[in-house]
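Chemist: A structural model of the following input is requested.
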Amino acid sequence: MKDILSYNEVALQEGFSIQKGMNYRPKGKDYSILLMSVRENSPYNDGFDKEGNILIYEGEDITKKEILEPKEYNQPLFTKTGKLTNNGAFFKAVEDYKFKRKKNAEKVKVYEKISNNVWSDKGWFYLVDVDYKISDLEKRKVFKFTLTPEPALKNSSALEIEEFEFSRRIPTAVKREVWERDNGKCVDCGATKNLHFDHIIPWSKGGSSSDPKNIQILCSKHNLSKSDKIK
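Modeler: Below you'll find the predicted structure:
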C-alpha cells in the first residue's frame, strides 16, 4: 500500500488534475478530496491533534480575482452568484450528517504535501463537524472542519492496516526530515518509486512515530520483505 506519491501519481490515482485544496465529490465520485499542507508559510492552518488522529482542516479564502487581500475578509459560504462555495458544500455535508438528513458522514480522501512534488496519502477520513467563527489568530471568520480517520482499510491484511494507519500518523515534520535525510530514496536499494515511510521498530512493538531515527524510507519490495520477517 503506497503512501508516498508525486503530484502526477495523485492525479492519476484520482483520475483528474487536482487544482484546489477542497474538492467536494469531484468528477461524480461518491467521496470528497482534500489536499493539505502544514509546511512553513502554508496559506492555511491545517493540522492534526497530538495523537495524529483528528484532522482540523481550514476552509478556503475568497479568491484574489474578487478581493486583492483575501486574508482580510471572512471565508465565504456563498459565491457572488449565490451558489455554495467549497466551504459551503462541505459545511452542508456536515449539517446533513449532524441533523440525520444523511445516514453516514461524508467520506474524504486526504493527501498531504511533504515537499515539492512529494505527497503523502493520509488515507480515508470522515467529515464529522465544523466551526465557523472568529479566529483569534486571524481576526476574521474561518471554517474549521473536523475529520476523523476511517477505522480500517477494506480488503487489506491486518499488517497492512497497522502499517498504513500508523505511517499516516507520523508527524509531518518527521516525514520531511526523513525524506531529506534519506534523499527521497529507499535506504536499501536506492529506488525512487513505490516508496513508503517505514517504522524500523514497528509501532506494535513499541517503536516511535515521532522519532526520525525510527523512521526510514523503503520501496515496496523491501518494505514487504521486511514485513515478512516481523514476528
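
Chemist: which non-adjacent residue is nearest D96?
Modeler: Closest residue to D96 apart from its sequence neighbours, by CB to CB, 6 or more residues apart in numbering: K102 at 4.6 Å. Where C-beta positions appear, they are placed from N, C-alpha and C, glycine not excepted.

Chemist: what's the answer for I215, then?
Modeler: V178 (4.8 Å).

Chemist: pull the contacting residues for the one you found.
Modeler: Shown in contact with V178 (CB atoms under 8 Å, 6 or more residues apart in numbering): F197, P212, I215, Q216, I217.

Chemist: give the helix, strand or coil label for it.
Modeler: What DSSP: H, G, I helix; E, B strand; the rest coil gives for V178 is helix.

Chemist: ok so, going back, can you put the contacts of V178 in JSON lines and add secondary structure?
Modeler: JSON lines is the format used below for the contacts of V178 (three-state DSSP):
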{"residue": "F197", "secondary structure": "strand"}
{"residue": "P212", "secondary structure": "helix"}
{"residue": "I215", "secondary structure": "strand"}
{"residue": "Q216", "secondary structure": "strand"}
{"residue": "I217", "secondary structure": "strand"}
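
Chemist: in stretch 104-115, what's buried?
Modeler: A105, E106, K107, V108, K109, V110, Y111, E112, K113, I114 (16 or more other CB atoms under 10 Å).

Chemist: retrieve the pLDDT associated with the closest residue to A105 other than its chain neighbours.
Modeler: Spatial nearest neighbour of A105, excluding adjacent residues (CB to CB, 6+ apart): Y126 at 4.0 Å. Among the per-residue scores, Y126 holds a pLDDT of 95.

Chemist: Y126 touches E150, doesn't it?
Modeler: Yes. Proximity of Y126 to E150 meets the contact threshold set by CB atoms under 8 Å, at 6.5 Å.

Chemist: so where do the strands sit in this structure?
Modeler: Using DSSP state E, the strands found in the chain span residues 4-5, 22-23, 32-36, 47-48, 55-58, 106-115, 118-134, 141-149, 195-199, 215-219.

Chemist: mind listing the helices for the protein?
Modeler: Under the criterion DSSP state H, helices of the chain are mapped to 7-14, 86-98, 158-167, 172-181, 220-229.

Chemist: next, the buried residues of the first one.
Modeler: Under the neighbour-count criterion of 16+ other CB under 10 Å, helix 7-14 has Y7, E9, V10, E14 buried.

Chemist: wait, T146 sits on V128?
Modeler: Yes. T146 is within contact range of V128, at 5.6 Å (criterion: CB under 8 Å).

Chemist: can you give me the domain assignment for this protein?
Modeler: 4-149, 158-229 (automatic domain parsing).

Chemist: could you give the mean pLDDT of the shortest one?
Modeler: If I follow you right, that is domain 158-229. On average, domain 158-229 scores 81.

Chemist: work out the gap between it and the centre of the chain.
Modeler: 17 Å (CA atoms, centre = their mean, to the nearest Å).

Chemist: any buried residues in stretch 203-211, and which?
Modeler: For stretch 203-211, by 16+ other CB under 10 Å, it's W203, S209.

Chemist: how far does it stretch from start to finish?
Modeler: 11 Å (CA to CA, to the nearest Å).

Chemist: try stretch 174-192
Modeler: The first and final residues of stretch 174-192 sit 19 Å from each other (CA to CA).

Chemist: any idea which of the strands of the chain scores lowest on pLDDT?
Modeler: Among these, strand 47-48 carries the lowest mean pLDDT (a mean of 84).
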